[in-house]
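Peer 1: coordinates only, no sequence provided:
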């Protein structure tokens, strides 16, 4: 399993951090459909968080269509049908993107470094396989 | 005053949305130091939100060093000293950036559109004046 980065000091709830981090890996194609994820118990021990926190994250990702959960068999990655975005969704993304970059710059991250990360991610997205969308 | 985009249906508290939106404008150089912002009352009426919500947002931005607040005189934009980022801050930005893009793609926003927005913002940052950092 690739590394999940969570920050226990963040105001974002841990289950939400696990969802966001795991979703980014799923979108990035880090797992093939059919692949078994580590069990809730394993992830909980690994991250040093409560079992229920991980279970809630898996449940939300299953609801989003990324995982199939089976009792005693854990979570399996499934092929997720392509979604059709609401028209406002892209505008919302642009707004949040601007705010995220502005916050980093306000906190002192060099604007050239921010620009470089944006360009790198843009380039990486071009190599993303269509199936992972 | 440029438009503040807030979403009353979002799980993000409105005062936090005002802070994020206004900070992005401040970082983008939409206001010159010395410029007076609309009063709390004006913004509250404009957005259709409680007076205290706007006051809290202004207070937080003053704490961050963007605004000077004076009783009966409202908020004035001040020249904010450049910050020095903690080393982990950039890694945190990269992580959140990936998660934000992944969430948009998962919701059905076209990955080419996401890549284009990232490139556009990267290009815009290059034109950002140094003083606004």
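Peer 2: Received, thanks. Model, not experiment: these values are computed from the prediction. Residues are numbered from 1 along each chain as shown, chains lettered A, B, ... in the order given.
Peer 1: can you mark which positions in stretch A:109-125 are buried?
Peer 2: Within stretch A:109-125, the residues that count as buried by 16 or more other Cβ atoms under 10 Å in any protein chain shown are A:109, A:111, A:113, A:114, A:115, A:117, A:118, A:119, A:121, A:122, A:125. Every C-beta, even on glycine, is put in place using the N, C-alpha and C of the backbone.
Peer 1: burial count for residue A:18?
Peer 2: For residue A:18, the count of nearby residues is 24 (other Cβ atoms under 10 Å in any protein chain shown).
Peer 1: no, scratch that, I was asking about residue A:28
Peer 2: 18.
Peer 1: close enough to count as contact, it and residue A:121?
Peer 2: No. At 10.4 Å, residue A:28 and residue A:121 do not qualify as touching, with contact defined as Cβ atoms under 8 Å.
Peer 1: joint contacts of these two?
Peer 2: Both residue A:28 and residue A:121 are contacted by residue B:98, under the criterion Cβ atoms under 8 Å, 6 or more residues apart in numbering or on different chains.
Peer 1: so which of the buried residues of stretch A:109-125 are in helices?
Peer 2: Mapping those onto helices (DSSP state H) picks out A:111, A:113, A:114, A:115, A:117, A:118, A:119, A:121, A:122, A:125.
Peer 1: the third one is in contact with residue A:104, isn't it?
Peer 2: So that's residue A:114. Yes. Between residue A:114 and residue A:104 a contact is recorded at 5.5 Å, counting by Cβ under 8 Å.
Peer 1: common neighbours of those two, please.
Peer 2: Common neighbours of residue A:114 and residue A:104, counting by Cβ under 8 Å, 6+ apart, are residue B:93.
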